[in-house]
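> Have a look at this prediction, sequence included:
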Protein chains: 2
Amino acid sequence: MKFTINRSKFIKYLTDVQRAISSRTTIPVLTGVKITIDKDGLMLSGSDSDISIEIYIPVADESNQLEVIEEGGIVLPAKIFNEIVRKMSDETITIEVGENLQTSITSAKAAFNINSIDVESYPNFPVIDSNEVITLPTTLFKQVIQHTVIATSTQESRPILTGVNITIENGQLKAVATDSHRLSQRIIPIEVPESLKENSYKIIIPGKSLIELSKIVENQDTIEMMVTQNQVLFRAENLYFYSRLLEGYYPDTNRLIPANDSTKLTINANDLLQATDRASLLSHEGKNNVIKLTLTDDHVELSGNSPEIGTVEEALNYIEATGDPLVISFNPDYLKDALRTFGHQNVVIGFTAPIRPFTVVPADDNSDIAQSFIQLITPVRTY
Amino acid sequence: MKFTINRSKFIKYLTDVQRAISSRTTIPVLTGVKITIDKDGLMLSGSDSDISIEIYIPVADESNQLEVIEEGGIVLPAKIFNEIVRKMSDETITIEVGENLQTSITSAKAAFNINSIDVESYPNFPVIDSNEVITLPTTLFKQVIQHTVIATSTQESRPILTGVNITIENGQLKAVATDSHRLSQRIIPIEVPESLKENSYKIIIPGKSLIELSKIVENQDTIEMMVTQNQVLFRAENLYFYSRLLEGYYPDTNRLIPANDSTKLTINANDLLQATDRASLLSHEGKNNVIKLTLTDDHVELSGNSPEIGTVEEALNYIEATGDPLVISFNPDYLKDALRTFGHQNVVIGFTAPIRPFTVVPADDNSDIAQSFIQLITPVRTY
């Protein structure tokens, strides 16, 4: 195997593949990056067995300056190989596998010779030969990921809650995540080919996989999704992103979303985020990370305290408050996470009772899909 | 005590004072920032008992928007106070000490009330009533710090070596640091008033203090230095920076600097830095962090290896190599630190023997002070 490639393009591709490679794996070969090459192009592969990433670098794309001198394959230690490529100085770099699985990496006058692993010992990736290709709008799908992964659980005590529950049916994609203290739900319309109109898909994708996917995928028009028994493959131009699926029963979340609100607060999401951030300064210092929101007829106030440090109170600037007076306490970090997903939009916060979950939805939601975007937070009982 | 001040200016001053404040101190009051105020201005003080910083904010400087409503003083918990000031939203902020040592911090509609400490319980800073003021050129002195602190020891086994040894006499300031594996020396000319011409100062300032000083001091023209028995005070506009001095005997370093070289290599510091960085990639992976430089009649080569990973070799681009052939091994990190102090200058590396220290000096040193800037590195015996 021997080839020459543009160094800065190669650094970018290597960095992307490295997202799937962990140095803490128990399978030594998976600390490596696999390179295979034929006359048409080069494939980089990396995997931590939860996520696998493949990136194809075609000769036809001239910006890659890819010149294939000899076909073949090798597995190189990913971390040090990446550092070597980064620290070289020339515009291009040449990689050649020599005798005894020694790979030379040369650029300008510097020459590395590193111990490599036979490409045959690298595990095969799942073969997903699915005719059922679902096409997703990339930008919108990345937004769905950002809006929902915040509510996934990070604790392994209930592994199923570390995933995002995705349901595709009736021309809609619905994504839900909950860690049992809060919930995030987003529904988007998608185009499904006529042949799949009758099908429905219910899969639970690990939140960590979705975060990595949204970091790596470029903002091209669409991304293709293919589902098998226990794997999902996302395919974008020259990128293949595999993730395992979580197996098990995802709780029914529809019944958690309250039907009516007795109190409604319309407010700018960013204004409330800033005020919540200030109130949480003191709640973070105390034992109970809780702040209090008080709504009266003509006044809305946020307050927090820490016995050691002191207190904070802030009258909120809001747009409209209607319904019953209310005092409610909650974890400010959940509200901050939820508010960040709305940016500088105005939101409506709907309350039922001090001990019932409250919801945050966009104030100017023009979508015709009911409950297209909703964040739900469970309050804390403080008495 | 009550005053209003421009919030962004106040954040900057607080951040500077906070450099002296540690949350790990055993003296609780020192986790606080001291604020004292009279009709002319406000003084911020912080200390970890090694370093003390005072910053004066005059009413006369209108950009501070400092309005003194009531004179007085207080000590506030530094970390949380800093965070509160940062997270406020208005252009100005108002701070007022109320009853029971409760301090209110208000900006826009947000109001904090935090528990504070009586200003009387804050320890006094050393009184340095010295008529002996030495004026240092700020930019040049900051350079002296940067060039020498790299060679200070970080190990407390020989505390004296954690400092920079500064000698002022005969119109020169000489700074030397060594951790016994390498040495850095810089000499600059300074102007000493006629009355102090006969005096000489020999002090050892902790490297950590000098690093903080160089971060905080602005690039104004000059900085004043005053020395007492066990303290040094640096004074710049509105800034008072105190550091304790290290007590003890600093080893005689003059005899360590070789008088003649038998081999000389002239090379661009940055080119050699990049090559050393590449060679160190593999030496860092091995047990012995050592790389090898080989000079022959017509060839200069840097090489490194790690039994697990592989080898690296690089022919260097150099300007001139004269004298005896040589093979020498050394810790690449010491050379990298030394080379960084030269930026993109050309340097001359002078060798005496494979087991004797080698020196790095600027190639185009026009200063008339002998040995004005020298980095020295002890090689590693590899046989």
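Received it, and whenever you're ready, just let me know what you need.

> Quick check: beta-bridge partners of the residue of the stretch 1-150 of chain A at minimum distance from chain B?
The minimum distance from the stretch 1-150 of chain A to chain B, using CB to the nearest CB, falls at residue A:114 (3.5 Å). In this view, the C-beta of every residue, glycine as well, is placed from N, C-alpha and C. Note on residue A:114: beta-bridge partners by DSSP bridges are residue A:103, residue B:310.

> My guess is it contacts residue B:307. True?
No - judged on CB atoms under 8 Å, residue A:114 makes no contact with residue B:307 at a distance of 11.7 Å.

> who's more crowded, the two?
residue A:114 (21 against 11; other CB atoms under 10 Å in any protein chain shown).

> how near is the more buried one to residue B:332?
Distance of residue A:114 to residue B:332, given as CB to CB, to the nearest Å: 18 Å.

> contacting residues for the residue of the stretch 1-150 of chain A closest to chain B?
Neighbour list for residue A:114: A:76, A:77, A:80, A:81, A:84, A:102, A:103, A:105, B:309, B:310 [criterion: CB atoms under 8 Å, 6 or more residues apart in numbering or on different chains].

> Check the gap between it and residue A:106 for me.
12 Å.

> So among the contacts of residue A:114, which ones count as buried?
Neighbour counting over the contacts of residue A:114 (16 or more other CB atoms under 10 Å in any protein chain shown) leaves A:76, A:77, A:80, A:81, A:84, A:103, A:105, B:309, B:310 as the buried ones.

> Name the nearest of the residues you listed relative to residue A:187.
Proximity of these to residue A:187 (CB to CB) peaks at residue A:81, which lies at 42.8 Å.

> so the closest one touches residue A:35, yeah?
No - contact between residue A:81 and residue A:35 fails when scored by CB under 8 Å: they sit 9.2 Å apart.

> what about residue A:261, distance to residue A:332?
21 Å.

> Mind checking which of the two has more residues around it?
Legend: neighbour count by other CB under 10 Å for residue A:261 and residue A:332, higher for residue A:332 (26 against 18).

> Leaving out the residues flanking it, which one is nearest to that one?
residue A:280 (3.7 Å; CB to CB, 6 or more residues apart in numbering or on different chains).

> SS state for that neighbour?
On the three-state scheme (DSSP: H, G, I helix; E, B strand; the rest coil), residue A:280 is labelled helix.

> tell me the contacts of the residue nearest to the spatial centre of chain A?
For chain A, residue A:211 is the residue whose C-alpha lies nearest the centre (CA atoms, centre = their mean; 1.9 Å). Contact analysis of residue A:211 by CB under 8 Å, 6+ apart lists A:145, A:149.

> Correct me if wrong, but it is in a helix.
Yes - judged by three-state DSSP, residue A:211 forms part of a helix.

> Tell me the confidence at it?
pLDDT, residue A:211: 97.

> now residue A:248
Looking at residue A:248, the pLDDT reads 93.

> now it, nearest residue through space, not along the chain?
residue A:160 (4.6 Å).

> do residue A:8 as well
residue A:91 (7.8 Å).

> Tell me if I'm right that that neighbour and residue A:7 touch.
Yes - using CB under 8 Å, residue A:91 makes contact with residue A:7 at a distance of 6.1 Å.

> more crowded one of these two?
residue A:7 (17 against 11).

> pLDDT score assigned to that one?
Reported pLDDT for residue A:7: 97.

> Helices of chain A, residue ranges please.
Using DSSP state H, the helices of chain A run over A:7-18, A:78-87, A:138-149, A:207-216, A:269-283, A:332-340.

> Out of the ones you listed, flag the one nearest residue B:187.
Comparing those under CB to CB, the one sitting nearest is helix A:78-87, at 34.4 Å.

> Is chain B within reach of that closest one?
Yes - using CB under 8 Å from any CB of the partner chain, helix A:78-87 comes into contact with chain B via A:80, A:83, A:84, A:87.

> just how off-centre is that helix within its chain?
Relative to its parent chain, helix A:78-87 has a centroid offset of 26 Å by CA atoms, centre = their mean, to the nearest Å.

> For that helix, buried residues please.
A:78, A:80, A:81, A:82, A:83, A:84, A:85, A:87.

> partner residues bridging the nearest residue to residue A:224 once chain neighbours are set aside?
Of all residues not flanking residue A:224 in the chain, residue A:235 sits nearest, at 4.4 Å (CB to CB, 6+ apart). With DSSP bridges applied, residue A:235 shows beta-bridge pairing to residue A:224, residue A:240.

> which residues does residue A:235 contact?
A:223, A:224, A:225, A:226, A:241.

> ok, residues contacting stretch A:374-383?
A:151, A:178, A:180-185, A:256-257, A:288, A:290, A:292, A:328-331, A:334-335, A:338, A:341, A:354-361.

> And it, what's buried?
Buried, per 16+ other CB under 10 Å, within stretch A:374-383: A:374, A:375, A:376, A:377, A:378, A:379, A:380.

> Just the ones in strands from those, please.
Judged by DSSP state E, the subset of those located in strands is A:374, A:375, A:376, A:377.

> Please identify the residues of chain A in proximity to chain B?
So chain A meets chain B at A:77, A:80, A:83-84, A:87-89, A:102, A:109-115, A:274-275, A:277-278, A:281-282, A:285, A:308-317 (CB under 8 Å from any CB).

> What subset of those residues is buried?
Buried among the residues of chain A next to chain B by 16+ other CB under 10 Å: A:77, A:80, A:83-84, A:87-88, A:110-115, A:274-275, A:277-278, A:281-282, A:285, A:309-316.

> contacting residues around the nearest residue in space to residue A:279 that is not next to it in sequence?
The shortest distance from residue A:279 to any residue other than its chain neighbours is 3.8 Å, reached at residue A:304 (CB to CB, 6+ apart). By CB under 8 Å, 6+ apart, the residues touching residue A:304 are A:279, A:280, A:281, A:282, A:283, A:290, A:291, A:292, A:311, A:312, A:332.

> repeat for residue A:351
Residue A:351 neighbours (CB under 8 Å, 6+ apart): A:261, A:262, A:263, A:264, A:265, A:295, A:323, A:326, A:328, A:358.

> Put the buried members of these into a ChimeraX selection.
To isolate the buried ones among those in ChimeraX, judged by 16+ other CB under 10 Å, type:
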select /A:261,263,264,265,295,326,328,358
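
> Using JSON lines, lay out the contacts of residue A:351 together with pLDDT.
Below are those laid out as JSON lines (pLDDT from 0 to 100):
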{"residue": "A:261", "pLDDT": "90"}
{"residue": "A:262", "pLDDT": "93"}
{"residue": "A:263", "pLDDT": "96"}
{"residue": "A:264", "pLDDT": "96"}
{"residue": "A:265", "pLDDT": "97"}
{"residue": "A:295", "pLDDT": "96"}
{"residue": "A:323", "pLDDT": "95"}
{"residue": "A:326", "pLDDT": "95"}
{"residue": "A:328", "pLDDT": "97"}
{"residue": "A:358", "pLDDT": "97"}
